[in-house]
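Participant: Here is a sequence with its predicted model. Questions after.
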Amino acid sequence: MASSSSYPESENRPSQAVPLAPKAAGAKTLRTAEPLPATPRPAPIPREIPATIIASQTPPETPDEDAIDPVTVAVLEKSPPWLFSLAIHLLAIIIMALVVYVHIPRKPIQLNAELVYAEKIGDQLRFDSPLGEPNVKTISEEVITTSKLPPVDDPFAAPGRLEANPKGTQISSELTAPQFGIAFSGRKLGSSLNPGGSMGRYGGTGTTEAAVIKGLEWLARNQHRDGSWSLSGPFSGGAPEFNDCKVSATAMALLALQGNGNTHTEGRFKKNVANGWQWLLKQQDSFGSFFESGQRNHRFYSHGQCSIAICELYGMSEDKKFQYPAQQAINYCLRCQGRDGGWRYDPQEFPSDVSVTGWIVMALQSARMAGLDVPKENLSRVTKYLDSVAQHGGARYPYQRGDEVRLSMTAEALLMREYLGWKRNDPRLVAGVEWITSPEYLVNFDNNRNVYFWYYATQTAHHFGGKPWDRWNAKMRQILPEQQEPRGKEAGSWDPNKPSEDQWGRYAGRLYVTCLSICMLEVYYRHLPIYSGVYSQALASPKPAQAKAEEPSKPEK
């Protein structure tokens, strides 16, 4: 087919100027329609004639396109053959580089906006980014290893899957973990800050991590100007004003933020963490307590949550300014331990209850992981308390001694047992984990919704591993992201009353259920599995010169 620049033979042909020869004196003007005589070419000019003479003798006619410049002839005659080959090859390379192959599919690609979670149709990719593109700045700033870690044969080899170890770890052991903060290392190396880390190895997906980020964004939007959070608002579905506790709300928000690897100096939400701690540290009194006023039953729930958060921050950042307030918070816990070995609402109150005791024991565990001082005798007293309230041979637990067993208290007590040294193959632990992860008790928003139970069951099953964890996680990681608010002002949070009312939703509100849900989805890297062998490997490695925590000094006001 002719190109668009072609013209028909009989029409639309552009007029062309016909070159005329110089007109001599008295000559007649030639008609443009008549053919012109050919203009004779000038004789070749010898090369030795000066250029000025050549110019004066050349007739002022239009240059012939077929004439070759003598300088060009000289250059071509004296040029080596390889120069022509080089020019031809360069031209070929340029032409090939400009060639673009475009494949046009036969059928157009259609994108379906329907919300479908990948777990229904296959496993999620471990290396996907929930943000849509890699956060190069954040990844480049992450410290993948430190000089304190033992040498390995191949530093570039990916860590293999750690098999379950029946012996687990002994929290009551007199040994001090030589690698400072080893249990918190998974937060930086396993979350979205490091795609392909422990998140994928322990069951997390891009879907779960995207839900975590959305939840943290919701928390950031609802932080008060003074750095605190509230259970009652400014969001919808908050707790009643009479039940608000800013200390507890701030601690839970910080636990969720820090669980993703954020500290006051690192991470996407570092400003939120820094502002939160700037406010929360002001609430701690000279005895180490974070609770000053509010309902009586809030005291040790709040203090326990604050103690966990500050011990985790110290363990993650190794910032000495948090060592003293963290140790003071733990010392207050130890002084207030009841005579039966547990804790309740007031200092040394008797009898204790499993619920409050669980939060305090987790604070003691976080303190040990951070290298703080926790006497073995206090932990042994906790074991005796759990023995005194246990039922079904130690596999199930009530709220207080003599009460009916509860799923939530059993999950919480079994988590304490795992940290206090029970072996993975202990028949009591095996039976208890099987019970709380039975199909009828898996995460379900349609009925028997209880995020408090889910929070502790998720941790207990995660540490235990095996089929109970696979069964629990398959349901949990699917349903929690599905029930997260997808849009609007509350996007990223969980409604405490829809699609069904949470057992504690009306009492504690949206922030409470959201923080616990976020922590559940962070379980893949928030705490490394106890029975995976990571703790025993750390305890068996050589101790550094300063393994034991230094005596904290009180910071200057």
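Facilitator: Noted; the coordinates are in hand.
Participant: Only the buried residues of stretch 84-93, if you could.
Facilitator: Taking 16 or more other Cβ atoms under 10 Å as the neighbour-count basis, stretch 84-93 is seen to contain no buried residue. From N, CA and C alone the C-beta is placed, and that goes for glycine too.
Participant: Please save the CA atoms from it in PDB.
Facilitator: Only the C-alpha atoms of stretch 84-93 are listed here, as PDB (Å, rounded to 0.1, in the frame of the first residue of the first chain):
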ATOM      1  CA  PHE A  84      33.700   1.200   7.300                       C
ATOM      2  CA  SER A  85      33.100  -2.100   9.100                       C
ATOM      3  CA  LEU A  86      32.800  -0.300  12.400                       C
ATOM      4  CA  ALA A  87      30.400   2.300  11.000                       C
ATOM      5  CA  ILE A  88      28.200  -0.400   9.500                       C
ATOM      6  CA  HIS A  89      28.100  -2.400  12.700                       C
ATOM      7  CA  LEU A  90      27.400   0.600  14.900                       C
ATOM      8  CA  LEU A  91      24.500   1.500  12.600                       C
ATOM      9  CA  ALA A  92      23.200  -2.100  12.800                       C
ATOM     10  CA  ILE A  93      23.400  -2.000  16.600                       C
END
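Participant: Tell me which residues touch residue 288, please.
Facilitator: When contacts are counted by Cβ atoms under 8 Å, 6 or more residues apart in numbering, residue 288 is found next to 325, 328-332.
Participant: Return the member of those residues nearest to residue 290.
Facilitator: Set against residue 290, the nearest of the contacts of residue 288 by Cβ to Cβ is residue 329 (6.7 Å).
Participant: For that closest one, which non-adjacent residue is closest in space?
Facilitator: In this structure, residue 329 finds its nearest non-sequential neighbour in residue 307, 4.2 Å apart by Cβ to Cβ, 6 or more residues apart in numbering.
Participant: Beyond the helix or strand encompassing the one you found, next helix or strand please.
Facilitator: Here residue 307, judged by DSSP states H and E, is contained in helix 299-317. Using DSSP H and E, the next helix or strand after helix 299-317 towards the C-terminus is helix 323-335.
Participant: could you point out which element follows that next one?
Facilitator: Taking DSSP H and E as the definition, the helix or strand that follows helix 323-335 towards the C-terminus is helix 354-369.
Participant: Report all helices and strands that that following helix contacts.
Facilitator: helix 299-317, helix 323-335, helix 376-389, helix 407-420 (3 or more Cβ pairs under 8 Å, 6 or more residues apart in numbering; DSSP states H and E).
Participant: export those helices to JSON lines and tack on mean neighbour count and distance to residue 437?
Facilitator: Output for the helices and strands packed on helix 354-369, formatted as JSON lines (neighbours: other Cβ atoms under 10 Å; distance: least, Cβ to Cβ, whole Å):
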{"stretch": "helix 299-317", "mean neighbour count": "27", "distance to residue 437": "24"}
{"stretch": "helix 323-335", "mean neighbour count": "21", "distance to residue 437": "30"}
{"stretch": "helix 376-389", "mean neighbour count": "17", "distance to residue 437": "20"}
{"stretch": "helix 407-420", "mean neighbour count": "25", "distance to residue 437": "9"}
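Participant: will you turn the ones you listed into CSV that also has mean pLDDT and distance to residue 480?
Facilitator: Compiled in CSV, these are given as follows (pLDDT from 0 to 100; distance: least, Cβ to Cβ, whole Å):
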stretch, mean pLDDT, distance to residue 480
helix 299-317, 95, 21
helix 323-335, 98, 30
helix 376-389, 97, 29
helix 407-420, 97, 16
